[in-house]
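>>> let's see this in three dimensions:
(chains A and B)
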There are 2 protein chains.
Amino acid sequence: MTTKTGRTAVEEILKRVAKDGRSALTAPEGRAVCEAYGIPTPQERLATSAEEAVAQAGELGLPVVLKIVSPDILHKTEAGGVLVGLGSEQEVADGYAKILANAKAYDASARITGVQVQQMLTSGQEVIIGAVTDPSFGKIVAFGLGGILVEVLKDVTFRLAPTSTEEALSMVDGIAAAEILNGVRGSEPVDKAALAEVVHRLSRLVTDFPQLAEVDLNPVLATGAGATAVDVRILVDPAAAEPVRFSQDEILAAMNRIMKPAAVAVIGASAEDGKIGNSVMKNLVNGGYAGEIYPINPKAAEILDRKAYPSIADVPGDVDVAVFAIPAKFVPAALEEAGEKGVAGAILIPSGFGETGNIELQNEVLAIARKHGVRILGPNIYGYYYTPENLSATFCTPYDVKGGVALSSQSGGIGMAILGFSRSAGMGVSAIVGVGNKADIDEDDLLTFFEHDDNTELVAMHLEDLKDGRAFAETAKRVSAKKPVVVLKAGRTSEGAKAAGSHTGALAGNDRVYDDILRQSGVIRAPGLNDLLEYARGVPKLPTPKGENVVIITGAGGSGVLLSDACVDNGLTLMRIPDDLDAAFREYIPPFGAAGNPVDITGGEPPSTYRNTIALGLSDDRIHSLVLGYWHTIVTPPMVFAELVVDVVEEFRRKGVHKPVVASLSGDVEVEQASEHLYAHGVVAYPYTTEKPVAVLGAKYRWARSAGLLP
Amino acid sequence: MTTKTGRTAVEEILKRVAKDGRSALTAPEGRAVCEAYGIPTPQERLATSAEEAVAQAGELGLPVVLKIVSPDILHKTEAGGVLVGLGSEQEVADGYAKILANAKAYDASARITGVQVQQMLTSGQEVIIGAVTDPSFGKIVAFGLGGILVEVLKDVTFRLAPTSTEEALSMVDGIAAAEILNGVRGSEPVDKAALAEVVHRLSRLVTDFPQLAEVDLNPVLATGAGATAVDVRILVDPAAAEPVRFSQDEILAAMNRIMKPAAVAVIGASAEDGKIGNSVMKNLVNGGYAGEIYPINPKAAEILDRKAYPSIADVPGDVDVAVFAIPAKFVPAALEEAGEKGVAGAILIPSGFGETGNIELQNEVLAIARKHGVRILGPNIYGYYYTPENLSATFCTPYDVKGGVALSSQSGGIGMAILGFSRSAGMGVSAIVGVGNKADIDEDDLLTFFEHDDNTELVAMHLEDLKDGRAFAETAKRVSAKKPVVVLKAGRTSEGAKAAGSHTGALAGNDRVYDDILRQSGVIRAPGLNDLLEYARGVPKLPTPKGENVVIITGAGGSGVLLSDACVDNGLTLMRIPDDLDAAFREYIPPFGAAGNPVDITGGEPPSTYRNTIALGLSDDRIHSLVLGYWHTIVTPPMVFAELVVDVVEEFRRKGVHKPVVASLSGDVEVEQASEHLYAHGVVAYPYTTEKPVAVLGAKYRWARSAGLLP
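Numbering: from 1, shown residues only, chains lettered A, B, ... in the order given. Reported below is the predicted structural model:
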């Protein structure tokens, strides 16, 4: 999109700035950079006579700004060298004379090149468009409404640069006050395509020139005819550097050996109960891992009936993974040996690295790993599980309920909560991975593995920060097109804007950027830990819906209202029931029941009413998902309800009808067992809550939409 | 605040409007009404010469508006009789002449009274102030920023009228964009007191004159010097009526007899299993109710060993409560008899009234009740429980876990969820009441009873609408100063603004009004059913905090981050730890642990580290609440943690130190039992979630603040 000339023009300006050792561009330089990338700025001409100035003002359109141009006058305003708002030919002619007179009075010897005649934009909607360099995401662009809206209400949105024009348009339409751009109170709609084009071009500019650390186009004036960057402020930082990345193939090759190792060495294996090296050995052995297990311990001949080796170098065969259960200070030497042995992964359980301030040791260990081509998991972790290999390489307890959910956590505490919740709920898991300090392997490495792992249907991740947010966003976007990726981002509540040199920088509060970019990357963001776990458990249970039409069928009118609230809260669409369908539902419900949506079958109904209405909901192609509200009565007790629902849902599954069905059960304690029965049979059901089942359905929909699976 | 003259002036205007049969006031009438209540409008004078007009314009300040005043010219603008923006003496003088000429040209015979010279306000912040008549809340006032902010972002807030100046100021400060009023981008701060005064005066106006159905002051221009209502639009509705209310004494007298009856009659009592009249009898008898129970059934001599009576009239003694377990159509006749017998309450279990469209029958029944001074609970309910009397007047199952939580639900389904949750969690309950169609008794009647009920510590209510929102808000405000009132308002998601004749009316979307007014009334609003139940269970367990300083003590750094997020989400203040306290915490934690807040004691610590840091948190007076994060380790297993926490908390309780302590437990399944142990001993604890314990603490704080218990 940018001509070679454009790039060259920017290069030359930046060379000059670099030569001067400046960290900011002048206003004319900034405008020139914008113009080079096709971002409109106010037009200007150079006049050398009053007549010429008048003629040029006529071309540009009145009013105009006049500015003295002189190599000897740096402070134009002080010199009386700037006149704004000249609205008639006469004013322009007079102004020309006045500026020259002022300049002479200011410095009689100043050389006068002429007078700049500049377009003065007086109308249009103010917006701010900017770009900053985020420590995790790299170049990001921002869009918001100018003035008080962005200053007071922080109504601004972010995307990774470069940004396609389509993505840029989604920013323009994505702010809270977007309606203003469509024209309110009789004002004309602005040219949103022109705004998107500015965003797009700015995103290309900062991508092409990473040293452009921060760019503020503030304000950009948008009218029905286009968008013009009135003020341009550009800060440069020559040190801007891109992170080192592995290729997808490199990541996959290493992760495959780590997650599906043929042989594991335990460095610091111990026969003594209570030692971490003992727990790791026990979990490997008792977990049923079928590969080779090599205890490494110079002081033991045998540990848990396995021959022990003084050093990993002494192990006869190849080793894929070395689990380190030794104090931090001994890690470098042992890692050298493991590296020489050719392990793919070093699982660094010990703490005492970056998290305690010992960053040198962590860097030293990373350097050793890089030298040998070893990938590090950790340090400061509980280890990891991969159930398809019966691999529990951890000091916690083994986990053996196999299933499609892969989970990771940055914190050990959260890892233990994952383990406990999974066991308690009987959640089928493919992997649980602690990433800890993320000295090396991080979430995008894991995502790349899970993407290709047929044992994994959904990935759920707890994270506090992203080492390389851009790599994560790109990987997550790719993976979430195939499998749901649920993310709990801890540390959501930013403690205020970062110190920044630009307006855009000040707006780029951490969580706002994460929120916008994670959403763009297609991940399902969980608002809390319990949501992460419930989404992980429930989303894979539900078939992917084929459309947006959700129907609530409820025995309790009150549950119907709350379920409707929950649907709206979760971005679900309550289907408008067509007349024929309404009539069909009415066939089954009492005359005082309510069809429409929710379908209120009323409280005193027998099992057949639930059955008939649910069967209708499953059989009608226009309905895509069902939300059931159950009300405990003597006529239809909880387990009778649960069994009939499972029965009818399974009947339709056998016919090839797969629709998500979730249920909220209101009743005495028997509804707990009924909920479990439903859940076990693929109906995501909870007692005493109308929110949770709908939240899980909402998560499924968010994923299906972002993966492009819904029309 | 309003002079007698002011009221009289408004009365006269409204008389004229009523006489004309108009539903709207003219602009001058609207301005006059405002002026009568001290609401500033643009000043104006009547000039009869150009010189006079110039002099008056000088007094008012330029620019001004000129308008012809003639009893013969109704359409001033058409007649060329309005000139705006006259900015100099010359323009005013010329304008005067021009207007007269225009008027003559328009109608040569028109009588000219003179020319109105009106202040033309050109600067200031636009705001909208209005009043509408809400079907549930009656007169409410609205405040928002004018222009696009209110139109696009719906940034508006509501209060019940009349509104004190203090409440009005809380509106001015309470909108999202309030910062704008403090002056941004170099603009001067506006006179917020003047704005609050306008709100306050408008609220008095509509209270004094209920027929003022909707008032829009839009815009009001606010400057540093005051606030002026530039445009005034007033709609009248002479039919506006106030609801009938019982006095507090009347409510209490009736509710005391209903909740603590000496004798209960069951109309439609049955010996036949599966009948509602049988279930009610069984629950009364088996629930252990010690008062008289009179089965009423013309066809039985005895039911459940109790003598049955053909009619309630035949019962020998007094009867306080009649529970109706008969079809709807038989209710009127039976209610007549019960009324003649002098019952205080008629518990109408049957459905078939308003909820099925049979509003006539419901009105008929209500009329009978009113005639006899009987209060109706229902119809269309499961009944009610009052555990201090062992009273289970319901067709559900008895409930006997006594405690301080009173609950009500508008829906039977939700009532069953309350019952099941309570039983499952072992929640101590004083009452569970179904209010159903609320033909008569509603939430404010219940609140009034629970307010004076020593057995009730907290009230939790599920409601879908409020028959008399104003009575509820007033009662809730009074009650919540003494006891927490938790409300789940179902049907939160308004389907769009109501049809309305004014701007303010259009903004008064149902949920927005509910939200603002419920918050003002001091109730804790639960976002969902499960929150309602968890708040009800947990809030009374926690002592009332003595201040805002919350400290997190955690074994897992990851939990600490999530708990911090949850604190911010729930409006809690993470204490800034003073240096001496920081040093004191550091005494107990490893050198690589983090003091500050969260206090991160790190994962591998023995029980003593938890104990010492928790004891420090309890002993230091500057700390008001503790949030604990537990991480399951071999060194401090779950039950060891739970027992030590209970031990240290109880030790401090014995010393008179009562602080709220909540806990989030991360770990394997043993943390479930540990959480239960903690909860049973007054530490609100949950496994696998960092959100719930903090949400309950947040609910406690919201209540403590609104009850004025925090400094």
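>>> outline the domain layout of chain A.
The record's domain parsing of chain A by automatic domain parsing lists A:1-41+A:123-242, A:43-120, A:257-381, A:399-541, A:543-706.
>>> what is the least confident helix or strand in chain A?
Lowest by mean pLDDT, DSSP states H and E among the helices and strands of chain A is helix A:503-507, with a mean of 61.
>>> quick revisit: could you dump the domains of chain A to a markdown table with mean neighbour count?
Placement of C-beta: from N, CA and C, glycine included. Putting the domains of chain A into a markdown table (neighbours: other Cβ atoms under 10 Å in any protein chain shown) gives the following:
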| stretch | mean neighbour count |
| --- | --- |
| domain A:1-41+A:123-242 | 19 |
| domain A:43-120 | 17 |
| domain A:257-381 | 20 |
| domain A:399-541 | 22 |
| domain A:543-706 | 21 |
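>>> tell me which of those sits nearest to residue B:568.
domain A:399-541 (3.9 Å; Cβ to Cβ).
>>> just to revisit the earlier point, distance to residue B:694 added to the domains of chain A, as a markdown table?
What follows is these, written out as a markdown table (distance: least, Cβ to Cβ, whole Å):
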| stretch | distance to residue B:694 |
| --- | --- |
| domain A:1-41+A:123-242 | 25 |
| domain A:43-120 | 54 |
| domain A:257-381 | 24 |
| domain A:399-541 | 10 |
| domain A:543-706 | 17 |
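>>> measure residue A:129 to chain B for me?
Plainly put, residue A:129 is 19 Å away from chain B if you go by Cβ to the nearest Cβ, to the nearest Å.
>>> give the bridge partners for that residue, please.
residue A:143, residue A:217 (DSSP bridges).
>>> equivalent analysis for the one 5 residues further on, please.
Per DSSP bridges, residues listed as beta-bridge partners of residue A:134: residue A:138.
>>> and the gap between it and residue B:64?
54 Å (Cβ to Cβ, to the nearest Å).
>>> how far does stretch A:381-394 stretch from one end to the other?
Distance between the boundary residues of stretch A:381-394 (Cα to Cα, to the nearest Å) amounts to 9 Å.
>>> quick check: buried residues in that stretch?
For stretch A:381-394, burial by neighbour count (16 or more other Cβ atoms under 10 Å in any protein chain shown) applies to A:381-387, A:389-394.
>>> how far does it sit from the chain's center?
Its chain's average C-alpha position is 27 Å from that of stretch A:381-394, according to Cα atoms, centre = their mean, to the nearest Å.
>>> can you check stretch A:532-542 too?
Chain-centre distance of stretch A:532-542: 19 Å, with Cα atoms, centre = their mean.
>>> kindly report the same for stretch A:25-38.
32 Å.
>>> how about stretch A:568-585?
For stretch A:568-585 - counting by Cα atoms, centre = their mean - the centre lies 32 Å from the chain centre.
>>> work out for me the element residue A:53 sits within.
In this assignment (DSSP states H and E), residue A:53 forms part of helix A:50-60.
>>> touching whichever helix or strand comes after that helix from outside, list them.
Of the helices and strands lying after helix A:50-60 in sequence (DSSP H and E), the nearest is strand A:64-69. Here strand A:64-69 makes contact (Cβ atoms under 8 Å, 6 or more residues apart in numbering or on different chains) with A:46, A:53, A:56-57, A:76, A:79, A:81-86, A:92, A:95-96, A:99-100, A:102-103, A:112-120.
>>> strand partners of strand A:64-69, parallel vs antiparallel please.
Assessed with DSSP bridges, strand A:64-69 is paired to strand A:82-86 (antiparallel), strand A:114-119 (antiparallel).
>>> export the ones you listed to TSV and tack on mean pLDDT?
Listed next are those as TSV, based on pLDDT from 0 to 100:
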stretch	mean pLDDT
strand A:82-86	89
strand A:114-119	90
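>>> poorly predicted segments of the stretch 201-350 of chain A, please.
Scanning the stretch 201-350 of chain A for pLDDT under 70 picks out A:240-243.
>>> please identify the helix or strand for residue A:584.
helix A:579-586.
>>> show me what that helix is packed up against.
The contact analysis (3 or more Cβ pairs under 8 Å, 6 or more residues apart in numbering or on different chains; DSSP states H and E) places helix A:579-586 against helix A:607-619.
>>> which strands or helices does the helix or strand just after the helix it packs on pack on?
The C-terminal neighbour of helix A:607-619 among helices and strands, as given by DSSP H and E, is strand A:625-631. The contact analysis (3+ Cβ pairs under 8 Å, 6+ apart) places strand A:625-631 against strand A:549-554, helix A:557-569, helix A:607-619, helix A:638-654, strand A:661-666, helix A:691-706, helix B:412-425.
>>> which one of these lies closest to residue B:211?
Of all the helices and strands packed on strand A:625-631, helix A:557-569 sits nearest to residue B:211, with 33.8 Å by Cβ to Cβ.
>>> how far is that closest one from where the chain is centred?
Distance, centroid of helix A:557-569 to centroid of chain: 29 Å (Cα atoms, centre = their mean).
>>> after it, which helix or strand is next?
Past helix A:557-569, the next helix or strand by DSSP H and E is strand A:573-574.
>>> which helices and strands does that following strand pack with?
Helices and strands touching strand A:573-574, by 3+ Cβ pairs under 8 Å, 6+ apart, are strand A:549-554, helix A:557-569.
>>> out of these, which gets nearest to residue A:582?
Closest to residue A:582 of the helices and strands packed on strand A:573-574, according to Cβ to Cβ: strand A:549-554, at 11.0 Å.
>>> name the nearest residue to residue A:300, ignoring sequence neighbours.
Counting by Cβ to Cβ, 6 or more residues apart in numbering or on different chains, the nearest residue to residue A:300 once its immediate chain neighbours are dropped is residue A:308, at 4.3 Å.
>>> OK, contacts around that neighbour?
A:269, A:294-297, A:300-302.
>>> 6 Å instead, please
By Cβ atoms under 6 Å, 6 or more residues apart in numbering or on different chains, the contact list for residue A:308 reads A:295, A:297, A:300-302.
>>> reformat those as JSON lines; add secondary structure.
Shown next, in JSON lines, are the contacts of residue A:308 (DSSP: H, G, I helix; E, B strand; the rest coil):
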{"residue": "A:295", "secondary structure": "strand"}
{"residue": "A:297", "secondary structure": "coil"}
{"residue": "A:300", "secondary structure": "coil"}
{"residue": "A:301", "secondary structure": "coil"}
{"residue": "A:302", "secondary structure": "strand"}
